[in-house]
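Asks: take this sequence and fold it.
(2 chains)
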Amino acid sequence: MRVTNRQIAEMFNEIADLLDIDGENPFRVRAYRNAARTILSYPRSMAELVEEGFDLSQLRGIGKELAKKIAEIVTTGRLRYLERLKRSHPPQLEALLKIPGLGPGRVRLLHEMLHINSIKYLEQALENGKLDKVPGFGPKLIEKIANGVKRHRYEEKRFRIDEAEETAMWLKERLLKASGVQEISVAGSIRRCKETVHDIDMVASATEGSDIMARFTSLPEVSRVIMQGTTRSSVRLSNGMAVDLRVVDDRSYGATLHHFTGSKAHNIALRKMAKERGMKINEYGIFHGDERLGGETEGDVYRLLEMDYIQPEMRENRGEIAKAQTHTLPHLIEPKDIRGDLHMHTLYSDGMETIETMAKAAQAKGYEYIAITDHTKHLTIAHGLDEKRLREQLEEIDRINEKMDGITLFKSAEVDILEDGSLDLPDDILNALDLVVCAVHFKFDLSKQKQTARILKAMEHPAFTILAHPTGRLINLREPYAVDMEKVMEAAKERGCFMELNAQPDRLDLNDRHCRLAKEVGVPVVISTDAHSPKDLNLMHYGIGQARRGWLEKEDVLNTRSLAELQKLLKQIRP
DNA sequence: GCCGTTTTCGGCCCGACTGTTTTCAGTCG
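Replies: Below you'll find the model as predicted:
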């Protein structure tokens, strides 16, 4: 099987950890981490690029040495350099870096002085009070490490964007009540619409003497204050989320918001550029020597570097900076561009409401059209429809379409793709539908080759319109099934099918890299809520956030088309 | 180990907080 980009990135990160513990040149360590990040976020598979003879040293952060190492991993499945490094270190040593308070320096010290080489041994040393003897290890640090060991599994968790956003909004509301507060923004990965977040970052501007910090650290929901300063504090909430709050005066608000929105890689790249031009960017502003050039707004940062404003969702150092310099940034899709929703369920299968209620809710959102896509018979757990019940539903949709003005209901279904690639309903009923949403709901564990073949076979059916949640993943619950996404997208492009970006926050499937791939291949994406109730229609914004992370513009998304345009397009692909 | 409008050497983002120290190293984001 082919080596994945993730596996290569993990190997490079492991090298970085080990070199870090060895006290190697920190810039060499950083080079491995930078390369890992580049590989992880690159839309195409390194394995394929190597096969094609592509020169990997063209990629940012990858030079001759690392290109050779990638080629070795891809062709042999191993990396001798990493194996050599691992042989000279205890196998669990890197795990110690995960404990708060332990960085490479202290891990090295613990290993040299006490031969601590795993979390298990660290626990024993803590119990035996051996750590007191290590220079630089005082009672506070030892307590922090002891707590970290107890919690380290728990704190590894990444939260889904919706969970984190809900907590962040609630926090913002509370903190706005503090004295002297002018503005509060949620920054960090929530603002960049990442699908999962590790912690919540918030930025506030406040006048001197504000009690916002005191309020923040003494909220009843705070289970632990990790650190507390006058401009920056960090806590953990009882729901397990860590929150950072940064407070500045309004002159620095933009610079601080920018700094804490990240990503780190994006910030580093900008600061480097500033430095090359004799300027300096920090959380307080943009400076030339002692002269302050700006920092009140985020826009100052980009303006002073002579580039266009980059939307938060794009700030990942994945090529956006070059685009901003040449004024060729994409005009990212916005919520107002969405004209309809092409995936939702009703009481006919596992939805909570009638067709009419869903239609009215969609109309209230200003949509021109929706598709009713109840499950089909194979999905018995969701009361999937057989041909007879689906025909009944189609008649009801006809009646509602006659009755309701200003919104059009498409007849559709979320049809199961069976193991052999056939669809779960007979052809005559499939042909009676306006569009057909198809999905894999079982047999997730097929080999990549078989799963890909299954989907490609299904796409050959003339009624196939949209591939729903194309990888089947459930964030934090179920891994994506193995599928060759490039092949699927190329087939979709050729066949005139569309790829769904399912906006449910536990799916967000396609992911951001897939969205960029779809744009590259030229296959339109459909952002759908997969709503099971009227309230679910509001999940659209998570899908839009993911689409923006994937650089999608209005033109790249099918359901930004007007009703007339969409009908025309459907007629073209389904004559 | 990477990179180059100062290109094959000599840099590599920048600052807050903590704990342990008498001026700072380590960690973290």
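
Asks: what does the stretch 151-300 of chain A have sitting close to DNA strand B?
Replies: Listed as neighbours of DNA strand B in the stretch 151-300 of chain A under the rule Cβ under 7 Å from any atom of the strand: A:188, A:199, A:201, A:227-234, A:242, A:244, A:260, A:264, A:267-268, A:271-272, A:274-276, A:280-284. C-beta coordinates here come from the backbone N, C-alpha and C atoms, glycine included.

Asks: wait, A:Val247 sits on A:Ala206?
Replies: Yes: shown here, A:Val247 and A:Ala206 form a contact pair, counting by Cβ atoms under 8 Å, at 5.4 Å.

Asks: mind listing the shared neighbours of these two?
Replies: A:Ile212 (Cβ atoms under 8 Å, 6 or more residues apart in numbering).

Asks: and the residue in chain A sticking out farthest from the centre, how far from A:Lys144?
Replies: Distance from the centre of chain A peaks at A:Lys133, with 43.7 Å (Cα atoms, centre = their mean). Per Cβ to Cβ, to the nearest Å, A:Lys133 is found 17 Å from A:Lys144.

Asks: one more: A:Ser252?
Replies: For A:Ser252, the distance to A:Lys144 equals 30 Å [Cβ to Cβ].

Asks: neighbour count for these two, which is higher?
Replies: Set A:Ser252 next to A:Lys144 and count neighbours by other Cβ atoms under 10 Å: A:Ser252 wins out with 21 against 15.

Asks: ok, for the more buried one, nearest residue in space, not its chain neighbours?
Replies: Leaving aside its sequence neighbours, A:Ser252 sits nearest to A:Tyr284 (Cβ to Cβ, 6 or more residues apart in numbering; 4.5 Å).

Asks: do the same with A:Ile429
Replies: Leaving aside its sequence neighbours, A:Ile429 sits nearest to A:Glu387 (Cβ to Cβ, 6+ apart; 4.8 Å).

Asks: wait, that neighbour sits on A:Leu430?
Replies: No: with contact defined as Cβ under 8 Å, A:Glu387 does not count as touching A:Leu430 (9.6 Å).

Asks: settle it for me: which of these two has more neighbours?
Replies: A:Leu430 (21 against 14).

Asks: wait, a helix at that one?
Replies: Yes: residue state for A:Leu430 (DSSP: H, G, I helix; E, B strand; the rest coil) corresponds to a helix.

Asks: measure it to A:Val437 for me?
Replies: A:Leu430 is 11 Å from A:Val437, by Cβ to Cβ.

Asks: overlap in contacts of those two?
Replies: With Cβ under 8 Å, 6+ apart, A:Leu430 and A:Val437 have common neighbours A:Val415.

Asks: now the end-to-end length of stretch A:476-484.
Replies: End-to-end distance of stretch A:476-484: 22 Å, with Cα to Cα, to the nearest Å as the criterion.

Asks: got the buried residues for it?
Replies: Neighbour counts over stretch A:476-484 (16 or more other Cβ atoms under 10 Å) mark A:Pro480, A:Tyr481, A:Ala482, A:Val483, A:Asp484 as buried.

Asks: and which of these is nearest DNA strand B?
Replies: Using Cβ to the nearest atom of the strand, A:Pro480 comes nearest to DNA strand B of the buried residues of stretch A:476-484, at 26.9 Å.

Asks: could I get the pLDDT score of the closest one?
Replies: Listed pLDDT for A:Pro480 reads 92.

Asks: can I assume it is in contact with A:Asp509?
Replies: Yes: taking Cβ under 8 Å as the definition, A:Pro480 is a contact partner of A:Asp509 at 7.3 Å.

Asks: pull the distance from stretch A:423-443 to the chain's centre.
Replies: Counting by Cα atoms, centre = their mean, to the nearest Å, stretch A:423-443 is centred 30 Å from the centre of its parent chain.

Asks: tell me where the stretch 151-300 of chain A has strands.
Replies: For the stretch 151-300 of chain A, applying DSSP state E, counting those that start in this stretch gives strands covering A:159-160, A:181-186, A:196-197, A:199-206, A:222-228, A:232-237, A:242-248, A:280-282, A:285-288, A:291-294.

Asks: what packs against the first one?
Replies: Pointing back at strand A:159-160 there. With contacts taken as 3 or more Cβ pairs under 8 Å, 6 or more residues apart in numbering; DSSP states H and E, strand A:159-160 sits against strand A:196-197.
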